[in-house]
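**Q** no sequence on this one, just coordinates:
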């Protein structure tokens, strides 16, 4: 399920610049039941997303009922300041509407058997070093394509992994 969703996103953004900006918002609470409505609101937001009066070439996606991904093609229109603020406000409003917290910095999402499992940083020592984690740390779309999922020990979370 997760891998097929990611593959569909990769196909959808194939014409976006590799330097496109990308944001990942994670929720501990599963929002699968509301995914269609959230996707509808993402589509509405990105179709009206502006930067200094210009239309942003952007897309939004839900992944596994726990992740929202926003992508903005900066080769078409630069995204900065106010346009970034508007996306954060939109995600904040989504969180309020659906009772989701997309800003928990202690949250880590794992990919276990192609399903997302939410945990906290201080719980990572319970998992195998080769457990796949969703990496929220990247610079652009190209980097996201290469490292969105990676083993716990290859990730920036490695210092929280069990020593063995």
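**A** Nice, I can see it. Computed from a predicted structure; not experimentally measured. Numbering: from 1, shown residues only.
**Q** So the residue positioned nearest the centre of the chain, which state does it fall into?
**A** With the centre of the chain defined as its mean C-alpha position, the nearest residue by Cα atoms, centre = their mean is residue 24, 2.5 Å away. Following DSSP: H, G, I helix; E, B strand; the rest coil, residue 24 is assigned to strand.
**Q** Longest helix in this protein, please.
**A** helix 81-98 (DSSP state H).
**Q** ok, and what's touching it?
**A** 23, 25, 27, 31, 34, 38, 41, 45, 49-52, 56, 68, 70, 72, 100-103 (Cβ atoms under 8 Å, 6 or more residues apart in numbering). For every residue, glycine as well, the C-beta is placed using N, CA and C.
**Q** which ones among those are found in helices?
**A** Members of the contacts of helix 81-98 lying in helices (criterion: DSSP H): 38, 41, 45.
**Q** Kindly indicate which of these lies nearest residue 154.
**A** Among these, residue 38 lies closest to residue 154 (Cβ to Cβ), at 30.0 Å.
**Q** got the contact list for the residue nearest to residue 134 when sequence neighbours are not counted?
**A** Counting by Cβ to Cβ, 6 or more residues apart in numbering, the nearest residue to residue 134 once its immediate chain neighbours are dropped is residue 109, at 4.4 Å. By Cβ under 8 Å, 6+ apart, the contact set of residue 109 is 26, 66-67, 116-119, 133-134.
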